[in-house]
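In: attaching a predicted model along with its sequence, questions to come.
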Amino acid sequence: MPDTPTARQVRSRVQRRLRYLYLSAVLWRRHIPIWTAAILIGLMASVFANGSHLSHAIFTRIYDNSPYWSLLITPAGLALAIWLMRHYFPGSAGGGIPQSIAALEGGMQALRERILTIRAAIGKMLLTLIGISSGATFGYEGPIVQVGAAIKYSLNRHAALRHEGAARSFILAGGAAGVAAAFNAPLAGIVFAIEEMGRTFDLRASSTILLSVIVSGLTATAILGNYSYFGMVSVNMELEQSWLAIPVCGIIGGLLGGVCCRIMLALTQRLPGPLHGWRLQKPVLFAAGCGLALAVIGIASDGVTFGTGYFRAREIIEGSGAGMQGYGLLKLLSMFISFISAVPGGMFAPSLAVGAGFGLNMANLLPFLPQTLIVLLGMVGFFAGMTRAPMTGFIIVMEMTDSSAMIIPLMATALLASNVSRLITRRALYDGQVHIFLRQWHAVQAAPAAKQIDPRAAEK
């Protein structure tokens with residue numbers, strides 16, 4: 001058959017079609033791990049959420065039977081978590097967010113291979129749930145950031161190893177998907193990835209982040225239902241109310257959040273006095289001592305300081321927090337003690353609970369304004385002051401309480417609190433923790449090399 005122009009055109013059209021089908025198949029093959037990882041992140045967030053509530057319910061039931069059971073359960077649980085971490089899950093240490101942000105830095109392949117693994121993710125979930133079930137002040141929202149980043153990175157490891165930009169995209173997308181699924185707050189997940197994790201955000205990662213947030217959020221919603229984390233709040237702020245409420249909550253929240261941030265960074269770097277040496281030499285025993293202190297505070301406060309703070313914060317937001325005027329300060333103290341125990345766990349939800357407690361105190365200063373309104377502003381003020389992430393602060397509170405009518409007051413309070421916090425602490429919380437973590441990581445990595453340079457140096 002002669003090779004006529006018509007035959008050549010048909011052959012060329014068929015070749016183009018086959019090439020298109022091949023490239024489409026390759027593209028779909030590349031997207032399968034991304035979709036799979038997002039679905040797994042949604043599942044893990046659901047397991048975390050249900051496991052957290054179930055753990056707290058079991059602990060509360062035991063506590064109601066006899067408060068003094070906490071004197072045994074809390075120290076034993078924290079000691080067990082530290083023992084398991086040191087022996088089986090060393091990559092699961094920390095709150096999750098600073099470690100994930102540190103993994104975004106260039107040249108951190110060794111760190112990624114340590115903390116962004118499936119084993120580290122499993123350990124993070126197990127150890128955090130042990131801490132919550134022991135009554136410690138931990139949240140699962142920080143750990144789910146590392147879990148999400150680990151799942152996303154592990155399932156796309158080959159692509160991540162070939163291209164640094166792809167690795168960053170997967171870590172960012174995993175962290176954002178974790179926050180979105182944990183709080184049922186997709187906007188907060190995206191903003192968190194941009195504002196807190198992606199300080200040098202790459203626009204090429206936006207589609208991966210958006211897709212991951214959507215799929216993980218839909219997965220979590222299919223299991224947990226379409227819910228608001230702290231319930232649905234029906235409140236609005238009149239213009240004449242905002243002139244007083246916003247400055248009070250923004251300034252007080254920023255001051256308290258800034259002080260809290262400064263203390264947390266100091267505790268991250270080094271514990272005061274002999275506590276630092278005790279934790280280094282006897283980490284399991286030190287964690288048990290922290291658990292005992294938490295149990296004593298919990299018993300003294302009739303059990304209100306135990307757990308993530310989710311239920312207590314919800315009570316305060318809904319206006320049923322009578323007799324909880326000291327909750328903010330006591331919850332803050334229990335958060336500090338839980339943090340120094342070194343048990344893996346997050347400070348995201350507990351800081352919002354502390355903010356709700358301080359918001360209740362601010363509401364007493366402004367009794368002529370609705371309590372729920374001031375509590376919400378107090379939450380966002382304290383959170384923005386502590387993390388210095390105003391966009392994440394007002395969006396996450398807005399989505400968690402379904403209070404879109406309050407977006408302008410929440411935004412103004414978060415911005416004011418964040419700027420007030422700058423007067424107290426030079427570094428924001430996560431930025432400072434990442435700086436300390438990376439310095440310690442590089443010191444540990446350099447130590448073996450330094451010993452190998454001249455083994456006779458010690459003898460001299």
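Out: Nice, I can see it.

In: pick out the residue nearest the middle of the protein.
Out: Gly142 (2.0 Å; CA atoms, centre = their mean).

In: tell me which helix or strand that one sits in.
Out: Element membership for Gly142 (DSSP states H and E) is helix 141-155.

In: please apply the same query to Thr74.
Out: helix 70-87.

In: which strands and helices lie in contact with that helix?
Out: Under the contact criterion of 3 or more CB pairs under 8 Å, 6 or more residues apart in numbering; DSSP states H and E, helix 70-87 touches helix 5-65, helix 118-133, helix 283-300. Any C-beta I mention is one placed from the backbone N, CA and C, and that applies to glycine too.

In: go again with 10 Å.
Out: Counting by 3 or more CB pairs under 10 Å, 6 or more residues apart in numbering; DSSP states H and E, the packing neighbours recorded for helix 70-87 are helix 5-65, helix 118-133, helix 283-300, helix 327-340.

In: can I have stretch 374-386 written out in CSV, keeping just the CAs?
Out: Extracted C-alpha coordinates of stretch 374-386, given in CSV (Å, rounded to 0.1, in the frame of the first residue of the first chain):
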residue,chain,number,x,y,z
ILE,A,374,-14.6,37.5,74.7
VAL,A,375,-13.6,33.8,75.1
LEU,A,376,-13.1,33.5,71.3
LEU,A,377,-11.1,36.7,71.2
GLY,A,378,-9.1,35.5,74.2
MET,A,379,-8.3,32.2,72.4
VAL,A,380,-7.1,33.7,69.2
GLY,A,381,-5.2,36.4,71.1
PHE,A,382,-3.3,33.9,73.3
PHE,A,383,-2.6,31.5,70.4
ALA,A,384,-1.4,34.3,68.0
GLY,A,385,0.7,35.7,70.8
MET,A,386,2.4,32.4,71.5
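
In: so which bits of that stretch are buried?
Out: Counting neighbours by 16 or more other CB atoms under 10 Å, one finds that the buried residues in stretch 374-386 are 374-386.

In: okay, those residues in CSV with secondary structure and pLDDT next?
Out: CSV is the format used below for the buried residues of stretch 374-386 (DSSP: H, G, I helix; E, B strand; the rest coil; pLDDT from 0 to 100):
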residue, secondary structure, pLDDT
Ile374, helix, 89
Val375, helix, 90
Leu376, helix, 90
Leu377, helix, 92
Gly378, helix, 92
Met379, helix, 92
Val380, helix, 92
Gly381, helix, 94
Phe382, helix, 95
Phe383, helix, 92
Ala384, helix, 92
Gly385, helix, 93
Met386, helix, 92
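
In: okay, now His158: neighbour count?
Out: 9 (other CB atoms under 10 Å).

In: quick one: residues contacting it.
Out: Applying CB atoms under 10 Å, 6 or more residues apart in numbering, we find His158 in contact with Pro33, Ala166.

In: could the helices and strands packed on helix 70-87 go into CSV alongside mean pLDDT?
Out: Output for the helices and strands packed on helix 70-87, formatted as CSV (pLDDT from 0 to 100):
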stretch, mean pLDDT
helix 5-65, 73
helix 118-133, 93
helix 283-300, 96
helix 327-340, 94
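
In: between these, which gets nearest to Leu423?
Out: Among the helices and strands packed on helix 70-87, helix 327-340 comes nearest to Leu423, with 19.8 Å by CB to CB.

In: from the chain's centre, how far out does that closest one sit?
Out: Here the centre of helix 327-340 is set off from its chain's centre by 17 Å, with CA atoms, centre = their mean, to the nearest Å.

In: what's the following helix or strand after that helix?
Out: Once helix 327-340 ends, the next helix or strand along the chain (criterion: DSSP H and E) is helix 348-365.

In: so how far is that next one from its chain's centroid?
Out: Its chain's C-alpha centre and that of helix 348-365 lie 18 Å apart, by CA atoms, centre = their mean.

In: try stretch 95-113
Out: Stretch 95-113 sits 15 Å away from the centroid of its parent chain (CA atoms, centre = their mean).

In: low-confidence ranges in the stretch 151-300 of the chain?
Out: Scanning the stretch 151-300 of the chain for pLDDT under 70 picks out 196, 198-205, 226-241.

In: buried ones in stretch 351-366?
Out: 351-363, 366.

In: leaving out chain neighbours, which residue sits closest to the residue nearest to the centre of the chain?
Out: Sequence neighbours aside, Gly346 is the residue nearest to Gly142 in space, at 2.4 Å (criterion: CB to CB, 6 or more residues apart in numbering).

In: let me know whether the one you found touches Ser100 as I believe.
Out: No - contact criterion CB atoms under 10 Å: Gly346 and Ser100 do not qualify, at 11.4 Å.

In: how close does Thr308 get to Ile144?
Out: To Ile144, Thr308 is 13 Å away according to CB to CB, to the nearest Å.

In: tell me, what's touching the two both at once?
Out: Listed as contacting both Thr308 and Ile144 by CB under 10 Å, 6+ apart are Gly346, Phe348.

In: picking up where we left off before, among the helices and strands packed on helix 70-87, which is the most enclosed?
Out: Most buried of the helices and strands packed on helix 70-87, by mean neighbour count (mean count of other CB atoms under 10 Å): helix 118-133, with a mean of 24.

In: what is it packed up against?
Out: Here helix 118-133 touches helix 5-65, helix 70-87, helix 109-115, helix 141-155, going by 3+ CB pairs under 10 Å, 6+ apart.

In: turn those helices into CSV, including distance to Ala220.
Out: Output for those, formatted as CSV (distance: least, CB to CB, whole Å):
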stretch, distance to Ala220
helix 5-65, 4
helix 70-87, 25
helix 109-115, 23
helix 141-155, 10
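
In: cool, thanks, talk later.
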